[in-house]
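Engineer: sequence first, then the predicted structure:
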Protein chains: 2
Amino acid sequence: MSVANRFLSNATNRIDAKGRVSVPSVFRSVLARTATEELYVYQDFVFPAISVAGPEVLDRFERMIGLQDPFSPEANKMSLLIHGGGVFMKLDGEGRLMMTDFIRDFTGITDRVTFAGRGDHFQLWEPSAFETMQQQARKERMRGTPPPA
Amino acid sequence: MSVANRFLSNATNRIDAKGRVSVPSVFRSVLARTATEELYVYQDFVFPAISVAGPEVLDRFERMIGLQDPFSPEANKMSLLIHGGGVFMKLDGEGRLMMTDFIRDFTGITDRVTFAGRGDHFQLWEPSAFETMQQQARKERMRGTPPPA
DNA sequence: TGGGCCTATATGGGCGTCAATGGGAAATGG
DNA sequence: CCATTTCCCATTGACGCCCATATAGGCCCA
């Protein structure tokens, strides 16, 4: 992947009176370069965060399910997450995203959103939850893993 | 690595009214010699400092993640640090770097920045924090480490 | 070796463009 | 018909790109 086509960094933006929030311009640039109009927005499997990616991520998830027995509990649970826990959305003309209850209930987001790059996608976090989780990750990292050379 | 292509020494520069600060010329020379235009700027894992390196450092981090189960909490937390805690930046025409909130909030930097060479990368510190950390490092240094041959 | 010149570094600021945000009004749909 | 949502347009502050200036340090020459 090109250097520039990765979602990096974090930024916190305000939600306006109509429930809209501007997606940071660095992230919009990546979406533009990869010609991504439709956004697959899903409840993250690990964190209390909403993940935003292109439709190809949903395709990948569905292929993973396809490899399993369709009647197995695992395949059913996975479908429940990626289909029931996901939705397609679009940005408005100014590059803003609507903060629906689907997003708010899962994240605890109220009036501000922290956008966090994750390489091939980005996430929406309740600001203090993001702060807390990042600090915890940093703490745990000092155990066992060698620091960067 | 060539003798000259290492980041050495430290210097403190002023931040101007627009939030810009000149990267010391010795560091810019190293970047020029290694043909590094895009800078991978990330929140350090150990210190309250910002680390600045070439894109190859991000590549190395991503390879470490690639070895793990993508759905594991460990891999996700690591991505939270290297993707969510990192950003690509460029110097302006005069070799200055913009001190964004991404940098200020993490380091406590307000009006001055201490640049510290770290061999294959350099760091941005709040001056007094650097002072303190360096003194402490001197005191605790090399306990258990054999002297150089 | 001392002095002066000269270039590069660090820093300041103008100005145009774009991003983030706010709000009105039309369109949608339940 | 009312409550949202969508589509515009406006505002303000931040940022990128450009040029200006002072000073320190290097360099040359006497």
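Structural biologist: Received, thanks.
Engineer: surely A:Y42 is within a strand?
Structural biologist: Yes - residue state for A:Y42 (DSSP: H, G, I helix; E, B strand; the rest coil) corresponds to a strand.
Engineer: how near is it to B:L31?
Structural biologist: Per Cβ to Cβ, to the nearest Å, A:Y42 is found 39 Å from B:L31. All C-beta spots, glycine's among them, are computed from the backbone N, C-alpha and C.
Engineer: packing partners of the host helix or strand of A:D59?
Structural biologist: Mapping A:D59 onto the secondary structure by DSSP states H and E places it in helix A:55-66. Contact partners of helix A:55-66 among helices and strands, from 3 or more Cβ pairs under 8 Å, 6 or more residues apart in numbering or on different chains; DSSP states H and E: strand A:39-43, helix A:73-82.
Engineer: deepest-packed of those, please.
Structural biologist: Ranked by average neighbour count under the criterion mean count of other Cβ atoms under 10 Å in any protein chain shown, the helices and strands packed on helix A:55-66 are headed by strand A:39-43 at a mean of 21.
Engineer: surely A:H121 touches A:S51?
Structural biologist: Yes - in this structure, A:H121 sits in contact with A:S51. The criterion is Cβ atoms under 8 Å, and the distance is 5.3 Å.
Engineer: got the angle for the longest helix along chain A vs helix B:73-82?
Structural biologist: Ranked by number of residues, the top helix in chain A under DSSP state H is helix A:127-141. Using axes from the mean of the first three to the mean of the last three Cα atoms, to 10 degrees, the interaxial angle of helix A:127-141 with respect to helix B:73-82 works out to 110 degrees.
Engineer: and the lowest-mean-pLDDT helix or strand in chain A with chain B, contact?
Structural biologist: Within chain A, judged by mean pLDDT, DSSP states H and E, the helix or strand with the poorest mean is helix A:73-82; its value is a mean of 88. No - counting by Cβ under 8 Å from any Cβ of the partner chain, chain B is not contacted by helix A:73-82; separation bottoms out at 10.5 Å.
Engineer: could you point out the helix or strand that follows that helix?
Structural biologist: Beyond helix A:73-82 on the C-terminal side, the first helix or strand identified by DSSP H and E is strand A:86-89.
Engineer: contacts for the least confident helix or strand of chain A next, please.
Structural biologist: Helix A:73-82 is contacted from outside by A:Y42, A:Q43, A:F45, A:L58, A:F61, A:E62, A:M64, A:I65, A:Q68, A:D69, using Cβ atoms under 8 Å, 6 or more residues apart in numbering or on different chains.
Engineer: centre-most residue in chain A?
Structural biologist: Within chain A, the residue whose C-alpha comes closest to the C-alpha centroid is A:S51; the distance, by Cα atoms, centre = their mean, is 1.6 Å.
Engineer: tell me the bridge partners for it.
Structural biologist: In this entry, A:S51 is beta-bridged to A:Y42, A:Q123, by DSSP bridges.
Engineer: wait, what's in contact with it?
Structural biologist: By Cβ under 8 Å, 6+ apart, the contact set of A:S51 is A:V41, A:Y42, A:Q43, A:D44, A:R118, A:H121, A:F122, A:Q123.
Engineer: just checking, the fifth one touches B:G84?
Structural biologist: Yes - A:R118 lies in contact with B:G84 (Cβ under 8 Å); the separation is 6.6 Å.
Engineer: those two: which is more packed in?
Structural biologist: Here A:R118 and B:G84 are compared on neighbour count by other Cβ atoms under 10 Å in any protein chain shown; more neighbours surround B:G84, at 28 against 22.
Engineer: quick check: the gap between that one and A:R33.
Structural biologist: Counting by Cβ to Cβ, the gap from B:G84 to A:R33 is 20 Å.
Engineer: A:G19 now?
Structural biologist: Note on A:G19: its distance to A:R33, by Cβ to Cβ, is 28 Å.
Engineer: quick one, which of these two is more surrounded?
Structural biologist: With neighbours defined as other Cβ under 10 Å, A:G19 and A:R33 compare such that A:G19 has more, 14 against 11.
Engineer: show me where pLDDT drops low in chain A?
Structural biologist: Counting by pLDDT under 70, chain A contains low-confidence ranges at A:1-3, A:142-149.
Engineer: what sits against the residue nearest to A:I109 when sequence neighbours are not counted?
Structural biologist: Closest residue to A:I109 apart from its sequence neighbours, by Cβ to Cβ, 6 or more residues apart in numbering or on different chains: A:E126 at 4.9 Å. Under the criterion of Cβ under 8 Å, 6+ apart, the contact partners of A:E126 comprise A:P48, A:T107, A:G108, A:I109, A:T110, A:V113, A:T114.
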